[in-house]
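# 3D model of this:
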Amino acid sequence: MKQKEISEIRQKKNRISRNHIVVSVTEVKYKKIPINEPIILQIAEIADSLGLKLYIVGGYVRDHFLNRPRTDFDFTVIGDSIAFAKKVAKQFKSKAVIFENFRTAMVPVGDFKFEFVGTRKEVYTPESRKPKVSEGTLEDDLMRRDFTVNAMAASLNQDTFGNLIDLFNGEMDLHLSVLKTPLEPGTTFSDDPLRMMRSARFAAQLGFSLDHLCVEAAKKISERISIISQERITDEFLKIINSPKPSVGIELLYDMGLLNYIFPELVQLVGIETVVEQGREFQHKDVFRHSLKVLDKLAEISDNTWLRFAALIHDVAKSITKQFIPGTGWSFHGHEELGARRVDKIFRRMKLPLDKIEYVEKLVRLHQRPMVLVSDGVTDSAVRRLAVQAGEELEDLFRLCICDITTNNPKLSQRYLNNYEKVKKKVMDVQEKDRLREFQSPVRGEEIMEICNIKPSRAVGYIKTQIEEAILDGIIPNEYEEAKQYFTENYKKWLEEAENEGFL
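As a prediction, this is how the structure comes out:
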């Protein structure tokens, strides 16, 4: 679209917004969009054969203008959408999943999922997300949608096939890369508070800005997000994490006041404190913004959701370990260990997959360890220990460490990068040479119990640890015969120590 056309549309949009005018379908000057997927053409034929008006709406139309792959197939039917969905299901030898209360149905066909909804009005009560649904017009249906860019429709009937219906100037907002609501934003957001999170998600996914009126409206009702189920909130949050530039969405969540309810630990990282000592200022960086920078950098090199999540929370405990040391400056001693301990609580509250806790904990706990190994004088034992502790996650750990470099000083940044490469090579060489990737005692527990004539107990673990420590300290190689000999020479002493510790 040319700049002159955008300017004319903007002026028209401003007039419409000032006067709160909603354009009716009959007033729209139609333009056509191409629709050529064979399966959609077949569904359109079914509608014509039944004399029903059918429209494809929302993401399909939006993504046409954005030149993105069109994978959303949502249909609006003027009439009985459930009966129509059943006809479509029968045609494609499928079965419609019916949601009577919402007058909607979903029909799976191969890899596709087609959503059918009848034109409807929705009335919400303040304490619930579930609306009272009644029959409405196409205008009613489009008006109830979340954003103008998702409130466009295209006709699928033969005589008007492809005609665009854009009652709220969604096309213009797409060209301006702005998210606005069809109705007053407070109404749209209050009806379904998850739309506030969706605005942040679309901004991050599409690179759009959110209209300032939407931000201000969200601030006033941000607490209403608490009526939304945690599962739906978490689903949207992970979509933001997985977007091309997650910081855009998370910053919006903070600006709208939603982050206080969704992820309060991140809000506690916001801000910079200054202490003046003997005329000298000591500041620490804004840990929240630093964490977002790390996340964005990692998003450029990895689509691993849980590595991204670890990047977001790697400094999460800095808010509770922060202290000023006179003559030295700010310290966050132990934040990596305390941060790792907070992972479990965060995952359970947000209902994240529990099988990912160990992975994220490990990365948070170890994210500062590689830098400690920069010195040429570091022992092989320290290198082995990091190799063992990182295990299969060693590569991901170094990805996180490299992205943790956010200094604006290019010389300092390059020095850090060189140091990390040096440490990475050292650790990977040791890991490969000593076969430490899945390290554990070469002498197994069953053999220890047999030789020591003991039953399963903490003493077995204690003895295995002594063997593993000897390997890590370089006393013996990571080989069975050498480990077995070391065990037989020392196990009586270890049994005595284990008994003294109450392990037997």
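# so what's Asn304 closest to, chain neighbours aside?
Closest residue to Asn304 apart from its sequence neighbours, by CB to CB, 6 or more residues apart in numbering: Asp396 at 7.0 Å. No exception for glycine: its C-beta is placed from N, CA and C like everyone else's.
# and if you look at Gln230?
Using CB to CB, 6+ apart, the nearest residue to Gln230 is Lys351, at 5.0 Å.
# confidence score at that neighbour?
Reading off the confidence values, Lys351 has pLDDT 98.
# burial measure for it, as a count.
Counted with other CB atoms under 10 Å, residues neighbouring Lys351 total 13.
# Check His64 too.
19.
# How about the one 10 residues further on?
Counted with other CB under 10 Å, the neighbours of Asp74 add up to 21.
# average pLDDT across stretch 114-121?
Per-residue pLDDT over stretch 114-121 has a mean of 84.
# Would you mind identifying the next helix or strand past the helix or strand containing Leu238?
Assigning secondary structure by DSSP states H and E places Leu238 in helix 230-241. Sequence-wise, the next helix or strand downstream of helix 230-241 (DSSP H and E) is helix 246-255.
# so who does the residue nearest to Tyr416 when sequence neighbours are not counted touch?
Spatially, and ignoring its direct neighbours in sequence, Tyr416 is nearest to Ile405 (4.7 Å; CB to CB, 6+ apart). With contact set as CB atoms under 8 Å, 6 or more residues apart in numbering, Ile405 has these partners: 413, 416-417, 420.
# Show me which of those is closest to Lys345.
Tyr420 (30.1 Å; CB to CB).
# Tell me the secondary structure of that closest one, please.
helix (DSSP: H, G, I helix; E, B strand; the rest coil).
# any idea how far it lies from Pro442?
Relative to Pro442, Tyr420 is positioned 31 Å away (CB to CB, to the nearest Å).
# Could you export the host helix or strand of Leu394 as PDB, CA atoms only?
Using DSSP H and E, Leu394 maps to helix 394-403. Taking Å, rounded to 0.1, in the frame of the first residue of the first chain, the C-alpha atoms of helix 394-403 are listed here in PDB:
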ATOM      1  CA  LEU A 394      26.900 -28.400  28.400                       C
ATOM      2  CA  GLU A 395      26.300 -26.900  24.900                       C
ATOM      3  CA  ASP A 396      23.100 -25.200  26.100                       C
ATOM      4  CA  LEU A 397      24.900 -23.900  29.200                       C
ATOM      5  CA  PHE A 398      27.500 -22.100  27.000                       C
ATOM      6  CA  ARG A 399      24.800 -20.700  24.800                       C
ATOM      7  CA  LEU A 400      23.200 -19.200  27.800                       C
ATOM      8  CA  CYS A 401      26.600 -17.900  29.100                       C
ATOM      9  CA  ILE A 402      27.400 -16.200  25.800                       C
ATOM     10  CA  CYS A 403      24.000 -14.600  25.600                       C
END
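# Give me the buried stretch members for that helix, please.
Under the neighbour-count criterion of 16 or more other CB atoms under 10 Å, helix 394-403 has 394, 396-403 buried.
# elements contacting that helix?
helix 287-299, helix 305-313, helix 357-366, helix 369-372, helix 410-433 (3 or more CB pairs under 8 Å, 6 or more residues apart in numbering; DSSP states H and E).
# out of those, deepest packed?
helix 305-313 (a mean of 23; mean count of other CB atoms under 10 Å).
# How far away from the center of its chain is that one?
Relative to the centre of its chain, helix 305-313 is centred 8 Å away, using CA atoms, centre = their mean, to the nearest Å.
# Show me what it is in contact with.
So helix 305-313 is contacted by 238, 241-242, 246, 250, 265-266, 291-292, 294-295, 297-299, 302, 339, 342-343, 346, 352, 356, 359-360, 363-364, 367, 396, 399-400, 403-404 (CB under 8 Å, 6+ apart).
# Kindly report the same for stretch 429-449.
380, 383-384, 387-388, 391-392, 394, 454-456, 460-461, 463-465, 467-468, 471, 477-480, 483-484, 487, 491.
# gap between the two ends of that stretch?
Across its full length, stretch 429-449 reaches 34 Å between end residues, using CA to CA, to the nearest Å.
# Check which residues of it are buried.
Buried residues in stretch 429-449 (16+ other CB under 10 Å): 430-431, 434, 436, 439, 441-443, 448-449.
# likewise stretch 274-282?
Within stretch 274-282, the residues that qualify as buried are Phe282, counting by 16+ other CB under 10 Å.
# This completes my enquiry, with thanks.
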